[in-house]
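1. this one's sequence-less:
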């Protein structure tokens, strides 16, 4: 919807006291200055209050993706950017600001591309998120599968050199070590700090 259409639509929904307030606001304003942005500014001043606006603006300026998904981060960005339009007047500015709030692994891949279309930036970030998710899954499979087997075979070799006559003990120890190592690798997968995600 075009900005001027948005204004007409919203004004048509104003009732009683709010409509009277709007009429009094535009009474002394030249018609060409009465646009969607003007309405938003005036409405926010009147009904949301300065402190609320400043808090949302500060929240926007401090916004980072952290452990949010790309989609959740995008929606939070859009929600808060309404209160800080002076910091993101153009689509290119919105892209720069969104990019700065993404996690480092996204920034490293997206910054060199210099994307200036918001939807394109979000789509590419979602693709990177998908790839990163798959690579984390494959790391998990490797750590639960290959490492314990490798470690236990070296333990078995050491033990067989140390105690040549006790093969039964060696094979039992190997089984015990294998299950212990698997448990440790599973444990460490769930103990990774949230900042790594």
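-> Happy to help now that I have it. Remember, it's a predicted structure, so these values are computed and weren't measured experimentally.

2. the chain: helices as residue ranges?
-> Assigned by DSSP state H, the helices in the chain fall at 3-13, 16-26, 36-47, 50-62, 70-81, 91-101, 104-110, 118-162, 167-190.

3. lowest-confidence stretch among those helices?
-> For the helices of the chain, mean pLDDT drops lowest on helix 167-190, to a mean of 42.

4. could you chop this protein up by domain?
-> 1-48, 50-137 (the TED database).

5. what's the most buried one of these?
-> domain 50-137 (a mean of 15; mean count of other Cβ atoms under 10 Å). In short, each C-beta sits where N, CA and C put it, glycine included.

6. report how far apart the opening and closing residues of that one are.
-> Start-to-end span of domain 50-137 (Cα to Cα, to the nearest Å) is 47 Å.

7. separation between the residue nearest to residue 59 when sequence neighbours are not counted and residue 96?
-> Once flanking residues are discounted, residue 59 sits nearest to residue 80: 5.5 Å by Cβ to Cβ, 6 or more residues apart in numbering. Distance of residue 80 to residue 96, computed by Cβ to Cβ, to the nearest Å: 16 Å.

8. for residue 139, same thing?
-> Where residue 96 is concerned, residue 139 sits at a distance of 32 Å (Cβ to Cβ).

9. same question for residue 62.
-> Distance from residue 62 to residue 96, by Cβ to Cβ: 16 Å.

10. now swap in residue 125 and tell me
-> 14 Å.

11. cool, residue 8 as well?
-> According to Cβ to Cβ, residue 8 stands 32 Å off from residue 96.

12. could you do residue 66 as well?
-> From residue 66 across to residue 96, the span is 19 Å (Cβ to Cβ).

13. cool, thanks, signing off.
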